[in-house]
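A.B. asks: Dropping the sequence and predicted coords here.
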Amino acid sequence: MANESPLLQVINLSIGFEQDGQLVQVVKGISFTAKKGKLTAIVGESGSGKSVTSLAVLQLLPKQAVITGEIIFNNGSPVDLLKANQQAIRSIRGNDIAMIFQEPMTALNPVFTCGHQVMESLQLHKKLSGSAARQATIKLFEEVELPDPAGMLTRYPHEISGGQKQRVMIAMAVSCNPALLIADEPTTALDVRVQQNILQLIKKLQQPGSAGGNNGMGVLFITHDLGLVKAVADEVIVMQHGIIVEQGNTAAVLNNPQHPYTQALLACKPGKNSKGKRLAVVSDFLNPAKEKTAQPAWNNEPGEKTILSVKKLEVYFPAASNIFGKTTAWFKAVDGVSFDVKEKETLGLVGESGCGKTTLGRAILQLIKPTAGQILLNGADISSLPARVLREARKDLQIVFQDPYGSLNPRISIGEAILEPLKVHALQNNYKQRREKVTQLLEKVNLQADHFNRYPHQFSGGQRQRICIARALALEPSFLIFDESVSALDVSVQAQVLNLINDLKEQYSFTSIFISHDLSVVHYISDRILVMNQGKIIEQGSANDIIFNPQQEYTQQLIAAIP
């Protein structure tokens with residue numbers, strides 16, 4: 001077994017793209033192997049080249065890509081995938097090598113049922129009849145632990161949760177017992193318990209006797225989260241700027257990292273002892289000789305005054321109706337929730353997808369009309385204000401959304417996007433003064449004044465999130481809601497944004513609610529934490545009490561699932 005040839009051997013692989021008449025190298029002469037029955041993780045930040053490398057394995061890169069080197073796949077007889085013709089590649093894709101893509105909603109076809117999409121793969125590659133493919137698909141859905149496997153056959157992707165969509169993708173990927181499974185960020189932005197279940201499922205599918213595990217399925221697992229790698233990977237490859245900076249046995253690399261970049265990735269993630277301290281960022285490790293300015297401690301202690309008071313809030317949505325269109329059943333997204341938020345306090349709101357936390361945040365902002373209850377901002381019930389008065393009150397209530405790209409207009413520059421609320425609310429005297437205000441805001445979120453005329457697509461995910469924070473601060477609100485604002489960011493970028501939020505809290509003295517499913521992040525940034533489940537608050541307390549001494553079984557399960 002020790003002398004067995006690797007399942008996948010990447011040799012001196014380089015990938016480049018033409019840009020303005022020049023070849024820009026995104027992967028620069030990397031070499032590594034993946035073995036049967038082993039999970040090999042490729043780790044790095046966005047732009048490190050890890051996803052491009054995985055797409056090259058299946059020849060899924062655009063024709064403009066310039067690829068050199070070798071990618072040897074050996075499932076009995078070696079073949080160089082870069083030299084294989086399209087017919088050979090088509091027979092290998094989905095059959096011998098399968099892939100789980102990062103975003104299941106875009107990878108699944110919205111006009112076909114989940115069952116149809118898996119059955120199609122079985123009929124194409126395994127030549128099964130319709131009834132045999134149906135039975136095999138139900139069995140696969142059982143194996144990936146989807147609820148009501150037979151019923152799931154007829155459901156469309158938009159009708160199921162993110163975790164369930166990811167399980168459908170996994171079922172499709174392993175349907176033909178592939179020798180190699182490539183999983184590209186399969187758990188990004190998923191709840192911690194769903195994330196843990198997906199990882200356990202992938203490991204289970206490698207075992208003999210399971211779908212995909214009969215021949216010791218190898219897994220190439222791509223992620224930016226070293227916490228996940230530590231939990232599941234046998235081997236780890238760390239990539240930065242298109243090169244491999246460190247690789248080897250997972251325990252050896254992560255317990256004793258040699259390269260500063262690996263050390264930085266490990267240090268950036270908020271830990272149980274990080275609270276109140278400035279998080280490390282990559283530049284701290286890559287430029288150790290650079291003189292660092294001493295950062296003063298934050299003084300963000302909450303006051304005694306109650307800024308926001310939510311009383312018996314309910315938000316119901318129609319769940320069923322009769323033939324006359326009358327609602328016969330209601331879904332209780334928020335079910336009798338009450339809490340207060342003190343001046344300058346950051347209140348963490350945690351729970352899994354579907355628990356009602358985002359609906360609660362949007363109801364507070366009046367983006368969703370509550371069914372019942374009161375929302376008092378500085379003593380005034382904003383849920384009953386006339387439209388004109390509510391519009392004026394909205395200056396004091398702002399939100400930073402989960403998806404910064406989706407919340408920015410791609411047709412206007414980021415400077416104009418930040419300037420727009422100043423114009424709407426007639427703040428500052430003229431355009432020149434508003435532009436100066438925007439420049440100040442850009443600099444406060446560590447961007448540059450000359451970024452004013454650039455468009456959203458010209459920025460990274462972390463930079464776009466900074467732009468959204470600057471826009472939310474433009475009206476100098478007293479209350480901010482952060483809705484999963486760092487969930488999909490690289491850990492190093494996440495650390496920068498969390499440090500920035502703490503800096504801005506001190507400068508602007510705003511009160512905030514921080515919504516997330518990541519308990520380590522919520523513990524770091526929050527003074528108090530509310531835990532939501534099925535529309536209700538089931539536990540609340542100081543951040544330390546919730547993390548270190550949870551009372552409810554549900555909270556204990558969430559904390560146990562943190563990688």
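C.D. replies: The structure has been received and is ready for your questions.
A.B. asks: Do a quick rundown of the helices in the stretch 151-300 of the chain.
C.D. replies: For the stretch 151-300 of the chain, helices defined by DSSP state H, counting those that start in this stretch occupy the ranges 162-174, 192-205, 226-232, 250-255, 260-268, 282-286.
A.B. asks: The stretch 1-150 of the chain now?
C.D. replies: Going by DSSP H, counting those that start in this stretch, the stretch 1-150 of the chain shows helices at 50-57, 86-92, 104-107, 114-125, 130-143, 149-152.
A.B. asks: These into CSV, with extra columns for mean neighbour count and mean pLDDT?
C.D. replies: All C-beta atoms are positioned from the backbone trio N, CA, C, and that covers glycine. Listed next are the helices of the stretch 1-150 of the chain as CSV, based on neighbours: other C-beta atoms under 10 Å; pLDDT from 0 to 100:
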stretch, mean neighbour count, mean pLDDT
helix 50-57, 22, 91
helix 86-92, 13, 89
helix 104-107, 16, 72
helix 114-125, 20, 90
helix 130-143, 18, 90
helix 149-152, 17, 89
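A.B. asks: nearest to Val282, of those?
C.D. replies: Closest to Val282 of the helices of the stretch 1-150 of the chain, according to C-beta to C-beta: helix 50-57, at 15.8 Å.
A.B. asks: So which elements touch that closest one?
C.D. replies: Applying 3 or more C-beta pairs under 8 Å, 6 or more residues apart in numbering; DSSP states H and E, one finds that helix 50-57 contacts strand 8-19, strand 22-34, strand 39-43, strand 66-74, strand 180-184, strand 218-223.
A.B. asks: And stretch 31-51, what's buried?
C.D. replies: By neighbour count on 16 or more other C-beta atoms under 10 Å, the buried set for stretch 31-51 is 32-51.
A.B. asks: do the same with stretch 469-478
C.D. replies: For stretch 469-478, by 16+ other C-beta under 10 Å, it's 469-475, 477-478.
A.B. asks: which of those residues lies closest to His224?
C.D. replies: Among the buried residues of stretch 469-478, and counting by C-beta to C-beta, the member closest to His224 is Ile469, at 20.9 Å.
A.B. asks: and the longest helix for the chain?
C.D. replies: As assigned by DSSP state H, the longest helix anywhere in the chain is helix 491-508.
A.B. asks: Just the buried residues of that one, please?
C.D. replies: 491-505.
A.B. asks: what about Met99, how many residues close to it?
C.D. replies: Using other C-beta atoms under 10 Å, Met99 is surrounded by 24 other residues.
A.B. asks: The closest residue to it other than its chain neighbours: how many residues sit nearby?
C.D. replies: Of all residues not flanking Met99 in the chain, Ile182 sits nearest, at 4.4 Å (C-beta to C-beta, 6 or more residues apart in numbering). By the criterion of other C-beta under 10 Å, Ile182 has 27 neighbours.
A.B. asks: Isn't Ile182 up against Ile202?
C.D. replies: No: applying C-beta atoms under 8 Å, one finds Ile182 not in contact with Ile202, separated by 11.3 Å.
A.B. asks: Which residues are in contact with each of the two?
C.D. replies: Taking C-beta atoms under 8 Å, 6 or more residues apart in numbering as the criterion, Ile182 and Ile202 both touch Val219.
A.B. asks: average pLDDT for stretch 402-411?
C.D. replies: Computed over stretch 402-411, the mean pLDDT rounds to 81.
A.B. asks: Just the buried residues of that stretch, please?
C.D. replies: Result for stretch 402-411 [16+ other C-beta under 10 Å]: buried residues 402-404, 407-408.
A.B. asks: now, which of the buried residues of helix 491-508 sits nearest Pro421?
C.D. replies: Leu504 (16.7 Å).
A.B. asks: how much space between the closest one and Leu201?
C.D. replies: Using C-beta to C-beta, to the nearest Å, we find Leu504 at a distance of 40 Å from Leu201.
A.B. asks: Quick check: bridge partners of the residue lying closest to Val79 once chain neighbours are set aside?
C.D. replies: Distance criterion C-beta to C-beta, 6+ apart; nearest residue to Val79, sequence neighbours excluded, is Phe73 at 5.5 Å. Beta-bridge partners recorded for Phe73 (DSSP bridges): Leu8, Val79.
A.B. asks: quick one, what contacts Phe73?
C.D. replies: 7-8, 57, 79, 81, 92, 96-97, 180.
A.B. asks: Fine by me, we can end here.
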